[in-house]
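**Q** take this sequence and fold it.
(4 chains)
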4 protein chains.
Amino acid sequence: MAAGRGDGAGAVNGLAGLLATVFDRRYMGAAGSDGRSIETLCKALMAARDEISGMELARRVLDRYGTLTAGARAAFFAFLARDMEIEADAAASALAAYRADPGPETHARLMAASEPPRQELARRLNRVPGATARIVSMQADLRRAAQDDPSLRVVQADLVHLLRSWFNRGFLVLRPINWDSPASILQKIIEYEAVHTIDDWDDLRRRLQPPDRRCFAFFHPAMPDEPLIFVEVALTRGIPGAIGDVLAEDRKALPVEDADTAVFYSISNCQPGLGGVSFGNLLIKQVVADLTAELPRLRTFVTLSPVPGLAVWMDVAGLSPGDADLRALAAHFLLRVRRGDLPRDPVARFHLGNGATIHDIHADADPSEAGQAQSHGVMVNYLYDPARIGRNLEDLPKGRIAASRTVQALARQAPISETTQ
Amino acid sequence: MAAGRGDGAGAVNGLAGLLATVFDRRYMGAAGSDGRSIETLCKALMAARDEISGMELARRVLDRYGTLTAGARAAFFAFLARDMEIEADAAASALAAYRADPGPETHARLMAASEPPRQELARRLNRVPGATARIVSMQADLRRAAQDDPSLRVVQADLVHLLRSWFNRGFLVLRPINWDSPASILQKIIEYEAVHTIDDWDDLRRRLQPPDRRCFAFFHPAMPDEPLIFVEVALTRGIPGAIGDVLAEDRKALPVEDADTAVFYSISNCQPGLGGVSFGNLLIKQVVADLTAELPRLRTFVTLSPVPGLAVWMDVAGLSPGDADLRALAAHFLLRVRRGDLPRDPVARFHLGNGATIHDIHADADPSEAGQAQSHGVMVNYLYDPARIGRNLEDLPKGRIAASRTVQALARQAPISETTQ
Amino acid sequence: MAAGRGDGAGAVNGLAGLLATVFDRRYMGAAGSDGRSIETLCKALMAARDEISGMELARRVLDRYGTLTAGARAAFFAFLARDMEIEADAAASALAAYRADPGPETHARLMAASEPPRQELARRLNRVPGATARIVSMQADLRRAAQDDPSLRVVQADLVHLLRSWFNRGFLVLRPINWDSPASILQKIIEYEAVHTIDDWDDLRRRLQPPDRRCFAFFHPAMPDEPLIFVEVALTRGIPGAIGDVLAEDRKALPVEDADTAVFYSISNCQPGLGGVSFGNLLIKQVVADLTAELPRLRTFVTLSPVPGLAVWMDVAGLSPGDADLRALAAHFLLRVRRGDLPRDPVARFHLGNGATIHDIHADADPSEAGQAQSHGVMVNYLYDPARIGRNLEDLPKGRIAASRTVQALARQAPISETTQ
Amino acid sequence: MAAGRGDGAGAVNGLAGLLATVFDRRYMGAAGSDGRSIETLCKALMAARDEISGMELARRVLDRYGTLTAGARAAFFAFLARDMEIEADAAASALAAYRADPGPETHARLMAASEPPRQELARRLNRVPGATARIVSMQADLRRAAQDDPSLRVVQADLVHLLRSWFNRGFLVLRPINWDSPASILQKIIEYEAVHTIDDWDDLRRRLQPPDRRCFAFFHPAMPDEPLIFVEVALTRGIPGAIGDVLAEDRKALPVEDADTAVFYSISNCQPGLGGVSFGNLLIKQVVADLTAELPRLRTFVTLSPVPGLAVWMDVAGLSPGDADLRALAAHFLLRVRRGDLPRDPVARFHLGNGATIHDIHADADPSEAGQAQSHGVMVNYLYDPARIGRNLEDLPKGRIAASRTVQALARQAPISETTQ
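**A** Down below sits the predicted model:
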């Protein structure tokens, strides 16, 4: 695995890539002189008989994509949606043939006819060194574009399908992020942190260097410089009830052998292009396993999470922070206000969907601007208790949300009739 | 120095894997006590709502697979062919809905209905650490079984489709294999060498340690201990015409700065389970690029290859080695005896399909038992000339096979009328 | 242990170190309970028959040293000077025996009697993992103390002798420092930069990340986290005449293939405890070799250096910056104002002592506070020309300082009679 | 750059070394044309003012040394003994000056006069990349030569002094040796194994690959390809009494979690040039620490060792294997037949000097030719019990050898009067 080995490997690949280019161009002509449109290049790539000329064409497509104007990009996406779609007639004919005589040949024809050619296009593009990150980035563009143009959603969905296969858990590598990590990676951690902003390198250092702080990220070997998702962990004695305790500039580090609790206080997805490919639950699971191996004294694995849906819901429900006990309101919101079996709040959906329990709710826990605006300062501990995860997951389809007695009691105190939600 | 970064990572992953198991079993029950059949476990895995319980189920499926009797394995493959097939009625209904109203929802339904569920099964199995190698091994079993039972070919084809995506060039890593490589890898090189048997570790050392010898292999990051394909290279002055010159025990190594030619004298695929996923052309291309980077004085890239189809063809054609100039017969065989546009000989198909040129043909070039039995001792140099590869590839569909004048002249000398092939 | 980066290895070593401690204490008693003075511990360490109990004693000495008050530290240094000195009578007697009968036994006795025991003490201390950095740090303390107390200079000199042997060039490792280096190392680069202050991480990034910027440092395997000396390099087209050109925030990076010159614009020693062990000339030499290997188009290797002795000398000589052409004054200062054969200016001494040539002198080249205060803004290019280094070095003892015609002409223009220096 | 893992560093250094050579030769003239004798080159090296020309001279000395005839080598050693010795008169004069006025200057003069110049010569030679291994190899030659020519012993002693400093424990790296280690290292393990011959690669694999087998070696960062000393370990249930149990070809590996004992069954020094620099006790100590960290269930650390002095002693004492119980004779030999405080047997001296206890003695334990010839098949378990090591070491100077009651009882049964030893 070892995504890490890699500086060396990366360098060699870079060099080899350079040379490969030279090699290609000796019989392909310089890319610069290629006046064909990106659509024409894609068609040539799909028609390429051999992988070597295909590889050079793929490189040109990716290079060209990087230079497209907004308009040309929209046209390219429309091309992917329209010209790289399955042909329904061919699919129908292949399906009829398969039904008439199911066998290897008819099955193969059906499979070929049922897969939109843009999937094969993406696979061919991916042969170029460094292509994976560029395809992920293209998908990020596509997601934005599809918000305005629903006809692109089929392209986006096809790419999600492919990326789920490529970014399968079996291919991911968990790496600790610490003060010995490359600055180029740390710079991305600063940039990608989505929950509790990292102000600068000193702030980052406070989160990585003390012995009672940890950070882990998933990487994909084909994108060794790009974290996919990361979690920041505080090792504590007891469960903290406010983010200020965790992030205080002047706090004294806890000797690691005194810690009994690991607090997941920030989880950030890094790649908009990988939306729809879920990593979070596997990350938490793996980090619990790794920390348990390293620090057998850890007993409790818990989050300190915002309730980002709380303020909006209260607003809509006509409730103000002063109206009632915020903890009770939040408990009600998390336990009673649902979408399907799960709470409406996205963070709660995520952790409960992983089998966690709502363990405790704290008011005045997050004084940051975002924390006030979205959660009215409320924070929640979701508990990951291996002994309960299985049962919690079984209970979910029955409409039962796992919560401690404290939280259940709080919900009952909320001055809201069940019917007014 | 550096005690081996990788080992560290490996150890941690191993430990984490162990712990992950512990973590799972604390709420899943021990795998040993699970009396469900592998088919039932697969269905449970497909039904699993969350990835964590799914991961434990996947582990059980893979563990169970490893213990199946021949009969149970056949039954499991039949289950994959029959119960994990698309439902043709559902596919037809989804296709009709899509044709009536093409849009994201109908497209998504169609995609789901058109993909055999065994693809998703394989993706879910792959979440387990180390699963990729086990899936590749399962595919090797399946390929053997499908030779006798054509109904399994659809399963095999689906897995090839998935493995092509997973083993896309963009995910492969080229690594040099040399006398500093881990013994565990070298042992596999000895085992997998398919062209010129490696007798023992001393023989291996003669092929790896001298400065005028190189070896390169493709690896996949999820199978770091398993070479996928490797090529052995001799750096020479001029083009050799017999394998004995290359492999002689007592030969004197050439100072590397005197070499002008790189000879690919052995290419071996290592993973039967990756049949249908082609690596060879990309390997040669990458090695040419890397060697050019390291040794700019290299001018010629050439193979020294057997003609494994020669003896059988001569036999069928009623020709004996003594009947005529073997070189002429071989030239005729390679240029005139075809399947489609390409020669019938599999090695020739491979190199010509990569754009190489038949450069020269040698008799009495391979005294080994296999070399005598299959090729009557004939060997061929296929030339990889960057300046000609593109043209050669364009010529192929026109029925023109690239060959040097020498070889063309040899073919004309063959005492065979065009019609008697 | 593990010289390498190897997080894995590091972790294991950390653990092993921990365990080793446990192992020791099981038969040594806890260090905490050891009430003996550091001097007594040192004597016990010198008397230890076996290396294992010696190792635990060494650890205690080092731990104890870290806790000494200023007074206790002075007493400890006095102990090293007085009680760990050679015994002159014993040395005299050993020398007499050797002269009377030179042979292995008398030689061995003489060698033992002639080496101050503090050298063996340092070697025994160094057996503890991580001890080397602590001994270097102790030497830094000692150097400071010896400035006030000349009696400590013998201790300092003995340690320099030992450290020169341990930090021999054959044991040093050159590593590139770039934006992929560990943040913990980069933080030290910021801290140790002694010539052109690095303002913050953004400033550092501008010096490391662009393709036309390089940085290299020497490390010792036993102190893998501590750079010993580093040099910052700018790749340029032509020789720059002002530091502002090199460090401009908004400058555009030069494509690396257009560079013909490597400019060493900052060299910083990092370890005060390694004063007296010279690395700088070997660093420059090695970097020239490495850059030449990577970028064969580089033709010119040159510094952009301050003249830190200029302002003081002008002051003493009664000269003001406005009095005359600063370039001429600087040329005069560098060529004519000497200590021994070499210039009085320390930077000039260093580069000329390495065989460099004074190539050019620039006024208004360094607007920084330090540059103004020490050098009146003057900067110098010292040229490292492989074809001239040997001759330059031979000329030095003859009193000839290598300088370009430009610089020689400048020196002649200086309005200073030879006698007024 | 860095092609591989650690290899990378090696490759870069190799390349840099190459370039450094080019750089040197551009102003030094080619080494080939240097007709000076090795003695003259050494004198030039000692006189070199700058480190860069010194480095080139050092390279020439080392290259020249490699080409010396036996006679020239003897002459060179004689030169080192005679011309690189201290000057007794100068030393006497420096000592007198120091006694008259002890201070930094007189101390420095005395130190300089008291150190034979060959020490500085070795330090200067060591600046060349790769020099350390060549100096160690030179010392191996010297040790052989000094056996015949006592006048060389002073040179040998000076080099031992220097090598002890360079190969100080603080600079050594412990690395596990296993089936994933580079073949180039494993080949040396086969070659250097001195106790129980490794027949071939299959035999090696049986000692490294099973989960209940371990091997560890010390390395020096400047000789990364050369193990200094290694130990082979078997993890067992209970203490084995015969080497056959450990090395049996067809034995079944023990699940590692069932092991309670680690058996050090072979320790081999690899570098004759490092004779006099002891590593063995530190190796055992570190391996105990590392194994305890990895496998906390291990309770017993024990050797299975030969008694190489037994046969010779019995022969001299007129005893034959059939005369009496071999175990009793061996116990007597180990406990009563001494040189100083320690047994005469070298293996016993080593382990008892480390604080081990003679735990048990076995007859018919080693059927190998060497085992029969030297030890009459007897093997001994030396026990490393952390709780006893300290006491054992304190007892040694009092003449008390630590042995179990069993062994003490055996010794009493030996049919030998105390006086006849």
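
**Q** helix, strand or coil for A:A122?
**A** Here A:A122 is helix, with the state taken from DSSP: H, G, I helix; E, B strand; the rest coil.

**Q** ok, A:G353 - how many residues close by?
**A** Counted by other C-beta atoms under 10 Å in any protein chain shown, the residues lying close to A:G353 total 20. Every C-beta, even on glycine, is put in place using the N, C-alpha and C of the backbone.

**Q** quick check: it vs A:V347, distance?
**A** Applying C-beta to C-beta, to the nearest Å, one obtains 11 Å for the distance of A:G353 from A:V347.

**Q** same check on A:Q139?
**A** When distance is defined by C-beta to C-beta, A:Q139 is 24 Å away from A:V347.

**Q** between those two, which is the more surrounded one?
**A** In this comparison of A:Q139 against A:V347, neighbours counted by other C-beta under 10 Å, the higher total goes to A:Q139 at 25 against 21.

**Q** got the residues of the stretch 151-300 of chain A near chain C?
**A** With C-beta under 8 Å from any C-beta of the partner chain as the criterion, the stretch 151-300 of chain A comes near chain C at residues A:176, A:179-184, A:186-187, A:200-201, A:205, A:209.

**Q** so where is chain A shaky, pLDDT-wise?
**A** For chain A, the stretches with pLDDT under 70 are A:1-33, A:417-421.

**Q** not counting its neighbours along the chain, what's nearest the residue most central in space within it?
**A** Among the residues of chain A, the one closest to the centroid is A:N269, at 4.2 Å (C-alpha atoms, centre = their mean). Nearest in space to A:N269, with sequence neighbours left out and distances taken as C-beta to C-beta, 6 or more residues apart in numbering or on different chains, is A:I229 at 5.1 Å.

**Q** sorry, back to before: I figured the residue nearest to the centre of chain A hits A:G280, correct?
**A** Yes. Checked against C-beta atoms under 8 Å, the pair A:N269 and A:G280 is within contact range at 7.5 Å.

**Q** give me the common contacts of these two.
**A** Contact criterion C-beta atoms under 8 Å, 6 or more residues apart in numbering or on different chains; residues shared by A:N269 and A:G280: A:I229.

**Q** walking through the stretch 101-250 of chain A, point out its strands one by one.
**A** Secondary structure of the stretch 101-250 of chain A by DSSP state E, counting those that start in this stretch: the strands cover A:173-176, A:213-219, A:229-236.

**Q** among these, which comes closest to A:I135?
**A** Comparison of these against A:I135 by C-beta to C-beta identifies strand A:213-219 as nearest, at 16.3 Å.

**Q** now do that closest one: distance to the chain's middle.
**A** Centroid separation for strand A:213-219 versus its chain: 14 Å, with C-alpha atoms, centre = their mean, to the nearest Å.

**Q** show me what it is packed against.
**A** strand A:173-176, helix A:201-208, strand A:229-236, helix A:280-294 (3 or more C-beta pairs under 8 Å, 6 or more residues apart in numbering or on different chains; DSSP states H and E).

**Q** out of these, which is the most enclosed?
**A** Per-residue neighbour counts averaged over each of the helices and strands packed on strand A:213-219 give the maximum for strand A:229-236, namely a mean of 23 (mean count of other C-beta atoms under 10 Å in any protein chain shown).

**Q** how big is the angle separating that strand from helix A:280-294?
**A** Strand A:229-236 runs at 40 degrees relative to helix A:280-294, counting by axes from the mean of the first three to the mean of the last three C-alpha atoms, to 10 degrees.

**Q** residues in contact with strand A:229-236?
**A** The set of residues external to strand A:229-236 that reach it, using C-beta under 8 Å, 6+ apart, is A:177, A:189, A:192-193, A:207, A:212-218, A:240, A:246, A:254, A:256, A:259-270, A:279-280, A:283-284, A:287, A:291, A:295, A:298, A:304.

**Q** strand partners (parallel or antiparallel) of that strand?
**A** Strands flanking strand A:229-236 in the sheet, each with its direction: strand A:213-219 (antiparallel), strand A:261-269 (antiparallel) (DSSP bridges).

**Q** for stretch A:144-153, give me every contacting residue.
**A** When contacts are defined by C-beta under 8 Å, 6+ apart, stretch A:144-153 is touched by residues A:73-74, A:77-78, A:80-81, A:142, A:155-156, B:103-104.

**Q** again, only this time at 7 Å
**A** A:74, A:77, A:81, A:142, A:156, B:104 (C-beta atoms under 7 Å, 6 or more residues apart in numbering or on different chains).

**Q** is the residue nearest to A:I401 when sequence neighbours are not counted within a helix or a strand, and which one?
**A** The shortest distance from A:I401 to any residue that is not its chain neighbour, by C-beta to C-beta, 6+ apart, is 5.6 Å, and that residue is A:L335. According to DSSP states H and E, A:L335 maps onto helix A:326-336.

**Q** and the residue of the stretch 251-400 of chain A closest to chain C?
**A** In the stretch 251-400 of chain A, the residue found nearest to chain C is A:E294; the distance is 8.2 Å by C-beta to the nearest C-beta.

**Q** contacts only, for that residue.
**A** Shown in contact with A:E294 (C-beta under 7 Å, 6+ apart): no residues.

**Q** any idea how far it is from A:A370?
**A** Here A:E294 is placed at a distance of 32 Å from A:A370 (C-beta to C-beta).

**Q** what's the burial count for A:R237?
**A** Residues near A:R237, counting by other C-beta under 10 Å: 12.

**Q** for A:G35, same thing?
**A** Neighbours around A:G35, by other C-beta under 10 Å: 6.
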